[in-house]
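Participant: Quick one: sequence and predicted model below, then my questions.
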Number of protein chains: 2
Amino acid sequence: MNFVLLIGLVAGFLTTVAYVPEVYRIFITKDTKGISLLWLVILLTGAILWFVYGLDIYSLPVIFANGISALLIVIMLILKLRLH
Amino acid sequence: MNFVLLIGLVAGFLTTVAYVPEVYRIFITKDTKGISLLWLVILLTGAILWFVYGLDIYSLPVIFANGISALLIVIMLILKLRLH
C-alpha cells in the first residue's frame, strides 16, 4: 500500500468514526431532538456526492469513507423519522 | 469546469457548510458542553489528513472542503478551550 493511500484511509477512518458516538447516543437515549432533519439531509446529500466523486476519480478513501458515512447518516435519519 | 469537479465541489460545499450551524450555535450560546474535546481533535486530525491527501492526489474539492472544515473545527476548538 502506498503512503498517500494510507493517509487517505486514515483520514477517512477518522472523519467516519466521528459519526459513531452520535449514532450510539441516539440508540441509547432515543433522543433525536438535538439533530436537525435538514442537517441530516445536507450531510447525506454531501456524502452521496462525495461517494460519486470518489468513484469518478478512482479514490478508494473517498469511496469507503463516504459510503460508510452515508450508511451511518441513513441510520440516524431512520431513527430521527421513527422516533420523532 | 468539468462535471466531476463540480460534483466534488458541491459535495465539499455541503459537508463543510454542515459545520456552520454548530459554530454559530456555540458563538451565540457560549455553550460547548455538548461538544467533546476528543471528538473535535479526531475531526481536526481527519480534516488535516484529508487536506494532505487532497494535495497528494491534486483534488481541489478535497483540498478546499477540508481546508475550510479544518478552519471551522479550529474555531470550535478555540471556543471550547476558552469557554470551558
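Facilitator: Noted; the coordinates are in hand.
Participant: can you tell me the helix or strand for A:Leu49?
Facilitator: Following DSSP states H and E, one finds A:Leu49 within helix A:37-56.
Participant: Looks like A:Ile57 contacts B:Leu5 (just checking).
Facilitator: No - counting by CB atoms under 8 Å, A:Ile57 stays clear of B:Leu5, with 9.3 Å between them. No exception for glycine: its C-beta is placed from N, CA and C like everyone else's.
Participant: Report the helix or strand with the lowest average pLDDT across chain A.
Facilitator: Lowest on mean pLDDT, DSSP states H and E among the helices and strands of chain A sits helix A:20-29, with a mean of 90.
Participant: which of the residues in that helix are buried?
Facilitator: Buried residues in helix A:20-29, counted by 16 or more other CB atoms under 10 Å in any protein chain shown: A:22, A:26.
Participant: same question, stretch A:72-84
Facilitator: In stretch A:72-84, counting by 16+ other CB under 10 Å, buried: A:72-73, A:76-77, A:79-80.
Participant: Show me the contact partners of it.
Facilitator: Under the criterion CB atoms under 8 Å, 6 or more residues apart in numbering or on different chains, residues A:16, A:19-20, A:22-23, A:26-27, A:30-32, A:35, A:37, A:40-41, A:43-44, A:47 lie in contact with stretch A:72-84.
Participant: Filter the residues you listed down to the buried ones.
Facilitator: Buried members of these, counted by 16+ other CB under 10 Å: A:16, A:19, A:22, A:26, A:32, A:35, A:40, A:43-44, A:47.
Participant: which of these sit farthest apart?
Facilitator: The largest distance within the buried ones among the contacts of stretch A:72-84, taken as CB to CB, falls between A:Thr16 and A:Thr32 and amounts to 20.1 Å.
Participant: one step back: out of the buried residues of stretch A:72-84, name the ones that lie in helices.
Facilitator: When the buried residues of stretch A:72-84 are checked against helices using DSSP state H, the ones located there are A:72-73, A:76-77, A:79-80.
Participant: Out of these, which is nearest to chain B?
Facilitator: Closest approach between those and chain B, by CB to the nearest CB: A:Ile73, at 10.2 Å.
Participant: measure the closest residue to the closest one other than its chain neighbours to A:Asn2 for me?
Facilitator: Ranked by CB to CB, 6 or more residues apart in numbering or on different chains and with sequence neighbours excluded, the top spatial neighbour of A:Ile73 is A:Leu44, at 4.6 Å. As defined by CB to CB, to the nearest Å, A:Leu44 lies at a distance of 31 Å from A:Asn2.
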